[in-house]
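S.K.: next comes the sequence, and after it the predicted model I'd like to discuss.
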Amino acid sequence: MENFFNTEDVMKILEETGYKGKENCFFVAIKNTNREGLKYGAMGGALGYIVGTAIKENMEKGEAVKQLNYDGLLINQTEERLEFFPLQNKGIALKLNPAKMELNIENRFWIKNEDIQDIIIKNFNIFNSTTKSMKIIVKGGQAIYLLVNIKEKSIPYQAENFAKFMKKYGANK
């Protein structure tokens, strides 16, 4: 089990997997289980079907798209692509908490920047500005729906890195 709770460990993971870029901006997002679009398969746990051929064409070693059961994602934004490491709960949880998740390095994948149509980041709701909803739209219209806490107690790099990511993609679209 790999530790992803501090910058040094994440950088080690990125180096070992070949996912380290010249620029790295990594943070943790959780599955948006509140999303209404379950019927569209967006949150049905079949992440491979969410982003379709954009991921399939970009997967390392031409691997077929896999159905991934994930509760969260460690995301690394580089100059060339968005890289995703699935996170899974260690047990049953009433609330998704990255501190209680394990990294699944084997099922990592990436999407080239040119295959991303848009990234939309908004306040999750009008009463909570510390949690953002994030929608990653891949060319072709398929999307990944996530929630991101601006600060995570167990993840010291979260606030600084997500602020950089929001600055790039606009937090108030």
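M.R.: Yep, that arrived.
S.K.: tell me, please, the helix or strand in this structure that averages the lowest pLDDT.
M.R.: Ranked by mean pLDDT, DSSP states H and E, the weakest helix or strand in the chain is helix 47-58, scoring a mean of 46.
S.K.: helices along this structure, start to end?
M.R.: Using DSSP state H, the helices of the chain run over residues 7-17, 47-58, 158-169.
S.K.: in the shortest one, what counts as buried?
M.R.: Buried residues in helix 7-17, counted by 16 or more other Cβ atoms under 10 Å: 10, 13, 14, 17. Where C-beta positions appear, they are placed from N, C-alpha and C, glycine not excepted.
S.K.: and stretch 151-161, what's buried?
M.R.: Buried residues in stretch 151-161, counted by 16+ other Cβ under 10 Å: 152, 155, 157, 158, 161.
S.K.: give the contact list for the nearest residue to the first one once chain neighbours are set aside.
M.R.: This points to residue 152. Leaving aside its sequence neighbours, residue 152 sits nearest to residue 158 (Cβ to Cβ, 6 or more residues apart in numbering; 4.3 Å). Residues near residue 158 by Cβ atoms under 8 Å, 6 or more residues apart in numbering: 27, 28, 149, 150, 151, 152.
S.K.: can you pull the contacts of the first one?
M.R.: For residue 27, the set of contacting residues under the criterion of Cβ under 8 Å, 6+ apart consists of 74, 75, 148, 155, 157, 158, 161, 162, 165.
S.K.: hey, what's it bridged with?
M.R.: residue 75 (DSSP bridges).
S.K.: rewinding a little: on the pLDDT front, check the residue nearest to residue 152 for me.
M.R.: Listed pLDDT for residue 158 reads 97.
S.K.: how far away is it from residue 166?
M.R.: Taken as Cβ to Cβ, to the nearest Å, the spacing of residue 158 relative to residue 166 amounts to 12 Å.
S.K.: cool, thanks, signing off.
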